[in-house]
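[1] I'll drop the sequence and a predicted model, then ask my questions.
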Amino acid sequence: MSLPFFVYGTLRPGGTNHDRFLRGRTLREEPGRLTGAVLYEGPGYPYAVEEAGGAVGGELVTARPEAYADLLAALDRLEEYVPGDPRNLYERVARDVVRDADGTAVRAWVYLAAPAVAARLRARGVRIEDGVWRVRR
């Protein structure tokens, strides 16, 4: 399933991983928001956690078709995501993301905090109240 990606942390424009992973591999990058999720501070990067009523700001990234498979594999490695691995920090899931430009919903891959990480964050994490992670260098 070739879906766009929703990025909300170091892969956003100006972020430490944007150019390394996305430069030359995308057709477009457009502002969007993931509803039904909130954002927490992590150790140099954020975590999105599903929660009703919240929204996370970021970019909807559409990969070039010829770069899609390589980009998907590279992002899975970056996020240390292995399907079914209980040690994952993130899980890659398909969710609807709303384009800021026109309000349309687009199905996209999103890396959400894995269940054990999400539980720890809900218990004692630092929530980013406005749902927008400020790019840090």
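    Yep, it's here.
[2] and Arg25, what pLDDT?
    You'll see Arg25 listed with a pLDDT of 95.
[3] the longest strand seen in the chain pairs with which strands, parallel or anti?
    Scanning the chain for the strand with the most residues, using DSSP state E, yields strand 46-63. According to DSSP bridges, strand 46-63 has the following sheet partners: strand 5-7 (antiparallel), strand 26-41 (antiparallel).
[4] now the shortest one: buried residues?
    Judged by neighbour count (16 or more other C-beta atoms under 10 Å), strand 5-7 contains these buried residues: Phe5, Phe6, Val7. C-beta here means a position set from N, CA and C on the backbone, and glycine is covered the same way.
[5] one more: stretch 68-82?
    Of the residues in stretch 68-82, Tyr68, Leu71, Leu72, Ala74, Leu75, Asp76, Leu78, Glu79, Tyr81 count as buried by neighbour count, 16+ other C-beta under 10 Å.
[6] all strands for the chain, in order.
    Using DSSP E, the strands of the chain run over 5-7, 26-41, 46-63, 90-99, 105-113, 127-128.
[7] redo the ones you listed as a markdown table? Include distance to Thr16.
    A markdown table is the format used below for these (distance: least, C-beta to C-beta, whole Å):
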| stretch | distance to Thr16 |
| --- | --- |
| strand 5-7 | 12 |
| strand 26-41 | 16 |
| strand 46-63 | 13 |
| strand 90-99 | 17 |
| strand 105-113 | 16 |
| strand 127-128 | 17 |
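[8] near Tyr90, how many other residues are there?
    Look at Tyr90: counted by other C-beta atoms under 10 Å, it has 21 neighbours.
[9] show me what it is bridged to.
    With DSSP bridges as the rule, Tyr90 is bridged to Ala113.
[10] I am finished for the moment; much appreciated.
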